[in-house]
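Participant: Show me the folded form of this:
(chains A and B)
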Amino acid sequence: MRVDSLEGIPYCRAFPMHITLLPQHKQIELEGRHRVADILRRLDLLPGTVMVIRGDELACDDDVVEADESIEIRNVISGG
Amino acid sequence: MKCKRCGGKAEVKLRQHNSAFCRACFVYFFQRQVQRAVEHEHMFTTEEEVLVAVSGGKDSLALWDALIALGYRTAGVHLALGIGAYSRTSTEKTEAFARSRDLRLITVHLDDEGVAIPTIAAFTRRPACAACGTSKRHHFDRIAFEHGFAVLATGHNLDDEAARLLGNVLRWQVAHLAKQHPVLASTHERFARKVKPLFRISEYETAVYAFFRRIDYIVDECPNSAGASQLIYKDVLNRLEAAMPGTKLSFVQEFLRSGQPAFAGETNRAPQSCERCGMPAFGAVCSYCSLVREVETKQARRMAARPASASS
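Facilitator: Predicted coordinates:
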């Protein structure tokens, strides 16, 4: 176990977090466990422009996503 | 984080309202917002049948779902735009939504009953999004008139309205500012009253509502929207919103309260009837017929040029 220097949350390097970005259908892996707000910051995504979906539920900014979890980050902004 | 209404675990946080809600309370909150908009802006009553313009995206399907839940009488109209796989999926999702709820849906296939958007883009210099907007306005009004609907509801949300307002202000488009309102009264016998019940509800909220209500909407973006100016305006507004929650809502609300009345006197003259299709027009022919005529002329020219180029 190590401690993430940015957030002070322990994480395990062996199990990366799997993130699917939609509609790009892009897969990203992130080491450690992180708060949703920090994941969005790292990916340069603004709050209110995406939904963070964990299984059948939405995750809020201060929810923590575990290192071995899979989440979907779905863009909600459309235009044309 | 706790739900503001019931105290349970919150699943969604709304910074602009300084609130958080669980799933059930958010659905209630969303539907109440739609009902408040409909009632406060005198959009329509439960006696009127409303034609809902549905694209297969989250906003229009969320709107249709909420109106049904609130007990309004509705039917849907969908335009199959002919934009390849994107349009096919949009039509499939819309038809599946209507079928699953036993709703009346009128689908217009532009390939058969008009001109598909890629054809307009190929034969004219107009941007695909502009051609798409012109086609939608024409066919939605036409269907509303032909089927006897007095009200047409669209899924334009707070982000759409804020982006449109920013674009209109940046160019000081006075005539457009005069007409930017959640309710547009009919000014011609073939114009339905246009209403936007989601005008105070953010794009994020409609996406969350669609997710909570398990609405299967098209997540992919229209391939023509890449680089669209509306997306640039939305990005700017979302950066402001992140730093100052509530900016988009106050921008639109204060415009409607203080700004829009100042421009309302700048309204355009009443439309006449298009000599080609009979729909409202601000010239001899309406903008849609003008577009179709341009495509037809250029298609004919191309056909005429073919034998000559083949023989050379």
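Participant: neighbours around the residue nearest to residue B:298 when sequence neighbours are not counted, how many?
Facilitator: When the adjacent residues along the chain are set aside, residue B:298 lies closest to residue B:123, with 4.4 Å between them (CB to CB, 6 or more residues apart in numbering or on different chains). The way it works is simple: take the backbone N, C-alpha and C, and place the C-beta from them, glycine included. For residue B:123, the count of nearby residues is 19 (other CB atoms under 10 Å in any protein chain shown).
Participant: Tell me which residues touch residue B:123, please.
Facilitator: Listed by CB atoms under 8 Å, 6 or more residues apart in numbering or on different chains, the contact partners of residue B:123 are B:294, B:295, B:298, B:299.
Participant: Return the entry from those with the maximum number of neighbours.
Facilitator: residue B:295 (19 neighbours).
Participant: Can you give me the end-to-end span of stretch A:43-58?
Facilitator: The stretch stretch A:43-58 measures 18 Å between its terminal residues, going by CA to CA, to the nearest Å.
Participant: what mean pLDDT would you report for that stretch?
Facilitator: pLDDT averaged over stretch A:43-58 equals 96, rounded to a whole number.
Participant: Show me how far it is from its chain's centre.
Facilitator: Stretch A:43-58 sits 7 Å away from the centroid of its parent chain (CA atoms, centre = their mean, to the nearest Å).
Participant: Other residues contacting that stretch?
Facilitator: If you take CB under 8 Å, 6+ apart as the criterion, stretch A:43-58 is touched by A:19, A:21, A:28, A:36-37, A:39-40, A:59, A:61, A:63, A:65, A:69, A:71-77, B:11-12, B:15, B:202, B:204, B:207-208, B:211, B:238-239, B:241-242.
Participant: okay, now the residue nearest to residue B:249 when sequence neighbours are not counted: neighbour count?
Facilitator: In space, not counting the residues next to it along the chain, residue B:249 is nearest to residue B:16; the distance is 5.4 Å by CB to CB, 6+ apart. A total of 18 residues lie near residue B:16 under the criterion other CB under 10 Å.
Participant: Could you measure from residue B:16 over to residue B:241?
Facilitator: Applying CB to CB, to the nearest Å, the value for residue B:16 to residue B:241 is 7 Å.
Participant: which residues are common contacts for the two?
Facilitator: With CB under 8 Å, 6+ apart, residue B:16 and residue B:241 have common neighbours residue B:248.
Participant: The chain: strands as residue ranges?
Facilitator: All of this is about chain A. Taking DSSP state E as the test, the strands found in chain A are A:2-3, A:10-11, A:17-22, A:26-30, A:34-35, A:50-54, A:57-58, A:64-65, A:70-75.
Participant: try chain B instead
Facilitator: Chain-ordered strands for chain B, with DSSP E as the definition, fall at B:12-14, B:19-21, B:49-53, B:73-80, B:105-109, B:151-153, B:183-184, B:193-195, B:272-273, B:280-281.
Participant: Pull out the buried residues from the third one.
Facilitator: Neighbour-count burial for strand B:49-53, with 16 or more other CB atoms under 10 Å in any protein chain shown as criterion, is recorded at B:49, B:50, B:51, B:52, B:53.
Participant: Of those residues, which is the nearest to chain A?
Facilitator: When the buried residues of strand B:49-53 are ranked by distance to chain A (CB to the nearest CB), residue B:53 comes first, at 14.7 Å.
Participant: can you pull up the bridge partners for that closest one?
Facilitator: For residue B:53, the beta-bridge partners under DSSP bridges are residue B:77.
Participant: From chain A, how far out is the residue nearest to residue B:298?
Facilitator: As for residue B:123, its distance to chain A is 20 Å (criterion: CB to the nearest CB, to the nearest Å).
Participant: Make a markdown table from the strands of chain A and add mean neighbour count to it.
Facilitator: Putting the strands of chain A into a markdown table (neighbours: other CB atoms under 10 Å in any protein chain shown) gives the following:
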| stretch | mean neighbour count |
| --- | --- |
| strand A:2-3 | 10 |
| strand A:10-11 | 16 |
| strand A:17-22 | 17 |
| strand A:26-30 | 12 |
| strand A:34-35 | 20 |
| strand A:50-54 | 19 |
| strand A:57-58 | 18 |
| strand A:64-65 | 18 |
| strand A:70-75 | 18 |
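Participant: Distance check, residue A:48 against residue B:100.
Facilitator: Taking CB to CB as the measure, residue A:48 falls 29 Å from residue B:100.
Participant: more crowded one of these two?
Facilitator: Neighbours per residue (other CB under 10 Å) separate residue A:48 from residue B:100, with residue A:48 holding more: 23 against 10.
Participant: and the stretch 201-312 of chain B, which of its residues are near chain A?
Facilitator: By CB under 8 Å from any CB of the partner chain, the part of the stretch 201-312 of chain B that sits against chain A consists of B:202-204, B:206-208, B:211, B:219-222, B:224-225, B:228, B:230-231, B:234-235, B:238-239, B:241-242.
Participant: if we can go back for a sec, I'd like the strands of chain A as a markdown table, with distance to residue B:283 appended.
Facilitator: Written out in a markdown table, the entries for the strands of chain A read as follows (distance: least, CB to CB, whole Å):
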| stretch | distance to residue B:283 |
| --- | --- |
| strand A:2-3 | 70 |
| strand A:10-11 | 65 |
| strand A:17-22 | 43 |
| strand A:26-30 | 47 |
| strand A:34-35 | 57 |
| strand A:50-54 | 43 |
| strand A:57-58 | 49 |
| strand A:64-65 | 57 |
| strand A:70-75 | 39 |
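Participant: Which residues lie in contact with the residue of the stretch 201-312 of chain B found nearest chain A in this structure?
Facilitator: Across the stretch 201-312 of chain B, no residue is closer to chain A than residue B:225, which sits at 3.3 Å (CB to the nearest CB). Applying CB under 8 Å, 6+ apart, we find residue B:225 in contact with A:78, A:79, A:80, B:129, B:231.
Participant: Can I have the buried ones of the residues you listed as a PyMOL selection?
Facilitator: Those of those that count as buried under 16+ other CB under 10 Å are selected in PyMOL with:
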select buried, (chain A and resi 78+79+80) or (chain B and resi 129+231)
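Participant: hmm, which two among the contacts of residue B:225 are most spread apart?
Facilitator: Within the contacts of residue B:225, A:78 and B:129 form the most distant pair, 11.9 Å apart (CB to CB).
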